[in-house]
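**Student:** Here is my input, please return the structure:
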Amino acid sequence: MFFSAPFSRRLLSVVAGLVVLGGCSTGMNAMVDSVRQVLPRGQAADSAALDARFAYIRITRGGHVGLLWRGSTEQGPEGTVEVYYSGFGEVVRLLDGRLVGALGLNTEWRKVSLTAPSWRTASAAAQGVSFVRVRDVMPGYRSGVRDEVTVRPIAAPSRTALRAVDPGALAWFEERTATSAGDAPVPVARYGVDLAGAQEQVIYAEQCLAVDLCFTWQRWSAAMQQASVDRR
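**Tutor:** Below is the predicted model:
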């Protein structure tokens, strides 16, 4: 139970929320079965046998470590959304490394829309580039929460949860958020982005859904897991 919400409530929330996030409940049992096959429960995340055919993200929250499996990708007007599932019924959606949906957690983001600059554009703007994010938040169903988000390049941080990757090989960014009146601001986010190739890709991020729900994630694979072991 990585995000510390009861499993039964998480699973019910996921089934109910998939329609809101653009999916449907058809085939949900098959999806849950698939997640449990790829992410066997009861195994420590850093020692679990990973299938080289699949993509994962390694999550840390406090002293806890977990894995989510990429079950699908979806094409939308804003780009390609990656959809990750945990073995406990949690769902996280990422667009260019940014959170654009979360289900089955104590705080959920639904129907998130944003138009953010590319990471290369942000890397050239020392003073920062701003964009708008609009999201629906649960519990309480706060609809149309509007965030003014500013992203700017920063130096590589001295402390992260990054594994098997040199922080100096990534471009780093910070995002600060000013939120609609009456809503608590989202804490500062940080991203480590690979800009070396033609395709920019977020490798690592520190993000929050709420003041009391922050975590890190890193792209993960069987090869990354082994590289992390070899570096110890």
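
**Student:** Only alpha carbons, please: show stretch 120-129 as PDB.
**Tutor:** Extracted in PDB, the C-alpha atoms of stretch 120-129 (Å, rounded to 0.1, in the frame of the first residue of the first chain):
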ATOM      1  CA  ARG A 120      14.400  22.900 -24.200                       C
ATOM      2  CA  THR A 121      12.400  26.100 -24.300                       C
ATOM      3  CA  ALA A 122      12.400  26.200 -20.500                       C
ATOM      4  CA  SER A 123      16.200  25.600 -20.500                       C
ATOM      5  CA  ALA A 124      16.800  28.800 -22.400                       C
ATOM      6  CA  ALA A 125      14.700  30.900 -20.100                       C
ATOM      7  CA  ALA A 126      16.800  31.700 -17.000                       C
ATOM      8  CA  GLN A 127      14.000  33.800 -15.500                       C
ATOM      9  CA  GLY A 128      11.400  31.100 -16.100                       C
ATOM     10  CA  VAL A 129       8.500  30.400 -18.400                       C
END
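
**Student:** ok, and what's touching it?
**Tutor:** The contact list for stretch 120-129 (C-beta atoms under 8 Å, 6 or more residues apart in numbering) reads 117, 150, 151, 152, 153, 171, 173, 195, 200. Just so you know, the C-beta spots here come from the backbone N, C-alpha and C atoms, and that holds for glycine as well.

**Student:** buried set for it?
**Tutor:** Within stretch 120-129, the residues scored as buried using 16 or more other C-beta atoms under 10 Å are 122, 123, 128, 129.

**Student:** Please give the centre-to-centre distance between whichever strand or helix holds residue 151 and its chain.
**Tutor:** Element membership for residue 151, per DSSP states H and E: strand 142-154. Centroid displacement of strand 142-154 relative to its chain, using C-alpha atoms, centre = their mean, to the nearest Å, is 15 Å.

**Student:** Likewise for stretch 57-76?
**Tutor:** 6 Å.

**Student:** Helices of this structure, residue ranges please.
**Tutor:** 7-17, 28-38, 119-123, 222-230 (DSSP state H).

**Student:** surely residue 80 meets residue 94?
**Tutor:** No - checked against C-beta atoms under 8 Å, the pair residue 80 and residue 94 is beyond contact range at 9.4 Å.

**Student:** just to revisit the earlier point, out of the contacts of stretch 120-129, which are buried?
**Tutor:** 117, 150, 151, 152, 153, 171, 173, 200.

**Student:** On the strand side of things, show who the fourth one bridges to.
**Tutor:** Looking back up the chat, that one is residue 152. residue 174 (DSSP bridges).

**Student:** Please report the distance of it from residue 108.
**Tutor:** Distance of residue 152 to residue 108, given as C-beta to C-beta, to the nearest Å: 28 Å.
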